[in-house]
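Student: mind folding the following:
(5 chains, ligands or ions: 4)
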Amino acid sequence: MQQLLDGILEGLRLLFTGDAVLWEIIYLSGRISGIALVISAVLGIPFGAFLGLARFRGRRLVQAIVYTGMGLPPVVVGLAVYLLLSRSGILGHLNWSWIPQLFTVPAMIVAQVIIATPLVVGYTMAAVSEVNPDLRIQVRSLGATPLQITLAVLCEARLGIIVALVGGLGSIISEVGAVMMVGGNIEGSTRVLTTAIMLETRRGNLDLAIGLGMVLLLLAFLINFGVTQLQGKGN
Amino acid sequence: MQQLLDGILEGLRLLFTGDAVLWEIIYLSGRISGIALVISAVLGIPFGAFLGLARFRGRRLVQAIVYTGMGLPPVVVGLAVYLLLSRSGILGHLNWSWIPQLFTVPAMIVAQVIIATPLVVGYTMAAVSEVNPDLRIQVRSLGATPLQITLAVLCEARLGIIVALVGGLGSIISEVGAVMMVGGNIEGSTRVLTTAIMLETRRGNLDLAIGLGMVLLLLAFLINFGVTQLQGKGN
Amino acid sequence: APTATPTAESVAVPTQAPPTKAPKLAFTNTEIQQPQEMILATTSSTQDSGLLDYLLPDFDKEFNIKTKVIAVGSGQALQMGKDGDADVLLIHSPAAEKEFMDAGDGVRREDVMYNDFVIVGPAEDPAKITGLKTSVDAFKAIAESESKFVSRGDDSGTHVKEKNIWKKAELEPVGDWYVSAGQNMGAVLTMADELQGYTLSDRATYLAFLQQGLSLKIMVEGDSSLLNPYGVIAVNPAKSPKIRNDLANQFIDWIISIPVQEKIQVFKKEELGQSLFYPSSKLWQEAK
Amino acid sequence: MAKIYDLQNVKRVYESRTVVDIDTLEIEDGEILAIVGPSGAGKSTLLRLLNFLEYADSGLIRYKGQEVNAQLPLDFRRQVTTVFQRPALLQGSVEENVVYGLRLRGKKNGKGEVLEVITRMGLEKLRRARARTLSGGEAQRVALARAVVVRPAVLLLDEPTANLDPYNISLIEEVVREINRVQKTTIVLVTHNVFQAKRMAHRIALMLSGKIVELSRTQDFFDHPRDPRTRAFANGEMIY
Amino acid sequence: MAKIYDLQNVKRVYESRTVVDIDTLEIEDGEILAIVGPSGAGKSTLLRLLNFLEYADSGLIRYKGQEVNAQLPLDFRRQVTTVFQRPALLQGSVEENVVYGLRLRGKKNGKGEVLEVITRMGLEKLRRARARTLSGGEAQRVALARAVVVRPAVLLLDEPTANLDPYNISLIEEVVREINRVQKTTIVLVTHNVFQAKRMAHRIALMLSGKIVELSRTQDFFDHPRDPRTRAFANGEMIY
Ligand SMILES: Nc1ncnc2c1ncn2[C@@H]1O[C@H](COP(=O)(O)OP(=O)(O)OP(=O)(O)O)[C@@H](O)[C@H]1O
Ligand SMILES: Nc1ncnc2c1ncn2[C@@H]1O[C@H](COP(=O)(O)OP(=O)(O)OP(=O)(O)O)[C@@H](O)[C@H]1O
Ligand SMILES: [Mg+2]
Ligand SMILES: [Mg+2]
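Tutor: Ligands and ions are numbered 1, 2, ... in the order given. Okay, here's the model as predicted:
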């Protein structure tokens, strides 16, 4: 159909003639998901490494919880964060200044962190537990502290960790349910690429929506192409 | 906030007193995502294994494309499938009987397969490429065909593959953008848990929405707990 | 409830094809068959209010049809019509509907019903609009005091209506106080509640959310410019061979028929103490 | 005896380093050929070439008259198997590892044979042990059992007793000799232990920096070395 | 000489099998103690206990008078390191592997020492080679270099020359002896090669099924074995 082609052309046009509004939206998408990913990585990689390396009672239960978290529906996350941060919500109620307000960028970041962290945990766990166990013992014998052992294992499982982060970023930068609900899709302040796509779809501007989608994909591709270059020889 | 608790109670109530409509929706969610996952696994695991094991020119480019696919925004996938299957779309236009029609279950499955496959490919790739390369040579020396080598490697990377499938299932069973657009959220025929949650949210029935979300999470948890039991000793 | 009994100011003219008084069956042999399927694209308000859940089962049963409801934005609903992905549309966007008919995308349009918009806001009413008679005055007061106003911002019927009011008020709403949300009505209402701002809402959604604990109050209502007429359109069957124009006509005939119009009038009336939708089909008006 | 392998001008290059560089090498059907040489000489690489796991960068390798390349048919490939220097065992039990080669070949009824081989290697108590928890010598014996059970035409052994104690060494040597005698299996034995080579092999080749500098009957190898480096190597005096 | 290790009634149990079962064992500071014994005797497991990588299920291990348990301070842990039977090398170059132990200790200026050790082991040409592509013997030498460079107080060697040829064996043996002599490093050498034990060790212990059946000065071990199994083992005749 013409519309799909139109959309792709529209996407290219948007990127090259790109007006300030579009670039602002792109920038905001990147900033929110970037910050959320960094936070998720900081929380998720150590926890994932722990789950992958340690053996303890109840580990399977924790794994099942993580797996479930990997499928957290963004709308449900959005709803829950919304209800927590709402003026009459448990947290919003407290009125503490460090608690993010609804319809602001920090609130969106909170929601995205909740979505991405279980993914980072789960995939880190899988990657780490496939590293040759001999290597852990070897490194420990060489005088590594538990932290250093974990770092060595993470370094060996590099490709897996990269893919974990790629997957985490993918899940949040393309997510619309939670950011829509928590951010409110406010023009000029919380509108990101996905909510803009949603809006244009509802408006019936399908080619513009597809065009924005193309922009999103193109950006994701460029980032990921960079990632593959970073990922080291042989992988 | 009260609403969150109400929602959780509502969720439990729904599950236990569960009326036929709810169970039908649950069943449909499971069926659609289950079929989509199976298709994604059939397509994605071999391709992921290939990407993880083979070394060829342009591999990084393919990886970058897969990584990008891992972040395909469901709304964009939904939109693209919509435009393809639309009666005036390229495929819908052809009027071939095996091409799924919009607002039907097969169309939703198509969209979910497109979303889940890159995830399965990416994570399978990562899992497989961490398997000790000595093992591949060893198995080959014992007389394994390329297919048998791949199977042996997949078997060694079991936990990684399981997590890949868990992640793929999580992404589609919790996804709303694409199924909403392609399925249309038609009561009694294409309404799944996530679109029902969306609808109830729009209607302002937040506790019902949270309740349905709880049901979704609980089901996911039960499935995943089963998965952890299957995943074999030591992992 | 609207104070005056308003007549719908329908911009799009009903088409010439005279509605038949009594709908006839889509097929004559009455043996049990697989229900025929028809796609109705509509704005979310009709689905979210529960109106369609209340009306459609009768229709489906009576004619052995399965009506598939796709609830989307008005713009998307019209686009679905243009692409031939829907058989019949039920929407509230008079100007766009006219354009649609003029372009030949639809073959028949009928008035169905209307409801009305209300301007709602926080109890404190910082812009002091309570009791103002017209929407234009209210909007002026809001803009002047730079009180928060949350707009749908999605080119929906409601948004179009809102933009018309700003135009009549000769105002260009810009600034921090004017929040363009790009979301559905329910989300905008909760957002306005959260931000303690004003918004323009259709009465049905407002009442639904009021039951869920919304704290916003109706401040201005009853202004004739706040009416919200719904039309039903049969999509041009030339769009696709799959379009069921016969079923679409069946549906239109049915929904504008007197008994159904009466049913619309009493929808949730008991529960809420007021009607959510007021019938307005030609047949209904002639009968009155 | 007929030639089972025939190598001509075979070179294998890793990152511009020529690791194997053999002018000519013929391996006879049914013989035990030992390959000795210092660390890094290219012995393991040669075995990978003989097992069709890698291909020569130039030159020609023939196996039973067939040119060795990626098109070599599966039933030829399945005639040759290696016990690697670093045995890589699969997840699962010892028994599952040993039966693996038979499973690959679709053989269902090798159970008796598997048990016999396991017992032969002194592993009967470890049948159900998880293979990944085995000691170095146990793992090496499992790898050997796994290779032997498929009754290959050619068995390539890469330091098969490196991790074993004297008793187990003689046990394994006995098994290998018997396979050679009874099943007429051609055996290429890579070892750094010249005494083992002496005990086992019909012929011995000395490999240095990828080249075969001496290849002769065992007796001659020790008594009348043609190359001065051969004697030096055997005495541990060689400096390279 | 003072005792550096003191083991009393140490048991290590895997899945209800007692793998190490030592009544008493004292290791003296600065000695070279060889541990010989058949495959599966528990030698590697004992080394893991001595390196604080696992803990005894019962009994007591003291290192320099300190009880060994999970609370052992880091600087004690860092005094002991092992060269494992299956050397596990990290991704990266040979040099990166060798420098790793120093990096862990936050030492920046070990470059000269690293080069020296690499050269000593005959690895200078492979400095920049990827560690994962090394031959068996090369990998073993890298593992040894990596352990030696951190100058441990105790060096545990698990079959360190299993994959080496005669020349490299004497080279490594020389290096180990020198470390023991010059740095006063205590060395526990697990080997299946009784001749190596004879060449290297001050004392030799024979381990059978987890138990130490004989522990004596090297001379006595061969000339006046107290246990009949000792002689049998040395001759490769032992049946167990
Ligand atoms: N994949 C590879 N890439 C680069 N160099 C390699 C690769 N594989 C082997 N080498 C190098 O080739 C040389 C020969 O290796 P090979 O494993 O054949 O030696 P070897 O004779 O078996 O030695 P050892 O007795 O120590 O096992 C070594 O120097 C090794 O570093
Ligand atoms: N994690 C484990 N779980 C179960 N059994 C184990 C584990 N580790 C070792 N074993 C068993 O303990 C016994 C002793 O193992 P160990 O590695 O100490 O033997 P070893 O004396 O070093 O033998 P080798 O000379 O063959 O290396 C072996 O039979 C082995 O199978
Ligand atoms: Mg080798
Ligand atoms: Mg051992």
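Student: name the residues of stretch D:168-179 that are buried.
Tutor: For stretch D:168-179, the buried set under the neighbour-count rule, 16 or more other C-beta atoms under 10 Å in any protein chain shown, comprises D:168-173, D:175-176, D:179. Using the backbone N, CA and C atoms, a C-beta is placed for each residue, glycine as well.
Student: looking at the stretch 101-250 of chain C, which residue is nearest chain E?
Tutor: Nearest residue of the stretch 101-250 of chain C to chain E: C:Gly182, at 48.2 Å (C-beta to the nearest C-beta).
Student: what is the burial count for residue 138?
Tutor: In the absence of a named chain, this looks at chain A. 27 (other C-beta atoms under 10 Å in any protein chain shown).
Student: hm, I was asking about chain D
Tutor: By the criterion of other C-beta under 10 Å, D:Glu138 has 24 neighbours.
Student: now A:Ile39
Tutor: A total of 17 residues lie near A:Ile39 under the criterion other C-beta under 10 Å.
Student: which of the helices or strands spans it?
Tutor: helix A:20-53 (DSSP states H and E).
Student: any part of the following helix or strand past that helix near chain B?
Tutor: Later in the chain than helix A:20-53, the nearest helix or strand by DSSP H and E is helix A:59-70. Yes - counting by C-beta under 8 Å from any C-beta of the partner chain, chain B is contacted by helix A:59-70 at A:60-61, A:63-65, A:67-68, A:70.
Student: any regions of the chain where pLDDT drops low?
Tutor: You didn't say which chain, so I picked chain A. When residues are selected by pLDDT under 70, those of chain A lie in A:1-2, A:18, A:232-235.
Student: my bad, chain D
Tutor: Flagging of chain D using pLDDT under 70 yields the residue ranges D:1, D:236-240.
Student: check whether whichever helix in it runs longest contacts chain E.
Tutor: Longest helix in chain D, counting residues (DSSP state H): helix D:166-182. Yes - residues of helix D:166-182 contacting chain E under C-beta under 8 Å from any C-beta: D:166-170.
Student: among those, which one sits closest to chain E?
Tutor: D:Pro166 (3.2 Å).
Student: isn't the closest one right up against E:Ala234?
Tutor: Yes - with contacts counted by C-beta atoms under 8 Å, D:Pro166 reaches E:Ala234, the gap being 7.3 Å.
Student: point me to the residue sitting closest to the centre of chain C.
Tutor: Central residue of chain C (C-alpha atoms, centre = their mean): C:His92, 4.2 Å from the mean position.
Student: elements contacting the one helix or strand C:Phe251 maps to?
Tutor: Using DSSP H and E, C:Phe251 maps to helix C:245-255. In this structure, helix C:245-255 makes packing contacts with strand C:36-43, helix C:51-63, strand C:65-72, strand C:88-91, strand C:106-121, strand C:227-235, judged by 3 or more C-beta pairs under 8 Å, 6 or more residues apart in numbering or on different chains; DSSP states H and E.
Student: can you tell which of these is closest to ligand 2?
Tutor: Ligand 2 sits nearest to strand C:65-72 of all these, at 60.1 Å, using C-beta to the nearest ligand atom.
Student: what parts of chain D come near ligand 3?
Tutor: Residues of chain D found near ligand 3, taking C-beta under 5 Å from the ion as the criterion, are D:44, D:85.
Student: what sits against the residue of chain D found nearest chain A?
Tutor: Closest to chain A within chain D is D:Arg132: 7.9 Å, counting by C-beta to the nearest C-beta. Shown in contact with D:Arg132 (C-beta atoms under 8 Å, 6 or more residues apart in numbering or on different chains): A:133, D:89, D:91.
Student: change it to 7 Å
Tutor: Going by C-beta atoms under 7 Å, 6 or more residues apart in numbering or on different chains, D:Arg132 touches D:89, D:91.
Student: quick one: it and D:Glu96, what's the gap?
Tutor: Counting by C-beta to C-beta, to the nearest Å, the gap from D:Arg132 to D:Glu96 is 12 Å.
Student: hang on, the earlier thing: buried subset of the residues of helix A:59-70 next to chain B, written for PyMOL?
Tutor: Of the residues of helix A:59-70 next to chain B, the buried ones go into a single PyMOL selection, burial set by 16+ other C-beta under 10 Å:
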select buried, chain A and resi 63+64+65+67+68+70
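Student: got the residues of helix A:59-70 next to chain B as JSON lines, with distance to chain E columns?
Tutor: As requested, these are exported to JSON lines (distance: C-beta to the nearest C-beta, whole Å):
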{"residue": "A:Arg60", "distance to chain E": "20"}
{"residue": "A:Leu61", "distance to chain E": "24"}
{"residue": "A:Gln63", "distance to chain E": "23"}
{"residue": "A:Ala64", "distance to chain E": "26"}
{"residue": "A:Ile65", "distance to chain E": "27"}
{"residue": "A:Tyr67", "distance to chain E": "29"}
{"residue": "A:Thr68", "distance to chain E": "32"}
{"residue": "A:Met70", "distance to chain E": "28"}
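Student: up against chain C, what does chain A have?
Tutor: A:86-87, A:102-103, A:180, A:184-187, A:191, A:195, A:199, A:201-204, A:206 (C-beta under 7 Å from any C-beta of the partner chain).
Student: make a ChimeraX selection of the buried ones in those.
Tutor: A single ChimeraX command is used to select the members of those judged buried by 16+ other C-beta under 10 Å:
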select /A:86,102,103,180,184,185,186,187,191,195,199,201,202,203,204,206
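Student: out of the residues of chain A next to chain C, which are inside helices?
Tutor: Checking the residues of chain A next to chain C against DSSP H, those in helices are A:180, A:195, A:199, A:201-203, A:206.
Student: can you pull the contacts of the residue of the stretch 101-250 of chain C closest to chain E?
Tutor: With C-beta under 7 Å, 6+ apart, C:Gly182 has these contacts: A:185, A:187, A:191, A:195, A:199, C:153-154.
Student: any idea which of those is closest to ligand 3?
Tutor: Set against ligand 3, the nearest of those by C-beta to the ion is A:Thr195 (59.8 Å).
Student: which residues in chain D form strands?
Tutor: D:3-14, D:17-28, D:32-36, D:58-63, D:66-67, D:80-83, D:154-158, D:186-190, D:203-208, D:211-217 (DSSP state E).
Student: tell me the buried residues in the fourth one?
Tutor: Think strand D:58-63. D:59, D:61, D:63.
Student: hang on, the earlier thing: next, format the residues of helix A:59-70 next to chain B as CSV and append distance to ligand 3.
Tutor: Below are the residues of helix A:59-70 next to chain B laid out as CSV (distance: C-beta to the ion, whole Å):
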residue, distance to ligand 3
A:Arg60, 41
A:Leu61, 45
A:Gln63, 40
A:Ala64, 44
A:Ile65, 46
A:Tyr67, 42
A:Thr68, 48
A:Met70, 43
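Student: between the residues of helix A:59-70 next to chain B, which sits nearest ligand 2?
Tutor: Nearest to ligand 2 among the residues of helix A:59-70 next to chain B, with distances taken as C-beta to the nearest ligand atom, is A:Arg60, at 20.4 Å.
Student: what about the residue lying closest to that closest one once chain neighbours are set aside, neighbour count?
Tutor: Leaving aside its sequence neighbours, A:Arg60 sits nearest to B:Thr228 (C-beta to C-beta, 6 or more residues apart in numbering or on different chains; 4.3 Å). If you count neighbours by other C-beta under 10 Å, B:Thr228 ends up with 20.
Student: cool, A:Leu222 as well?
Tutor: Neighbours around A:Leu222, by other C-beta under 10 Å: 12.
Student: from chain D, how far off is it?
Tutor: A:Leu222 sits at a distance of 32 Å from chain D (criterion: C-beta to the nearest C-beta, to the nearest Å).
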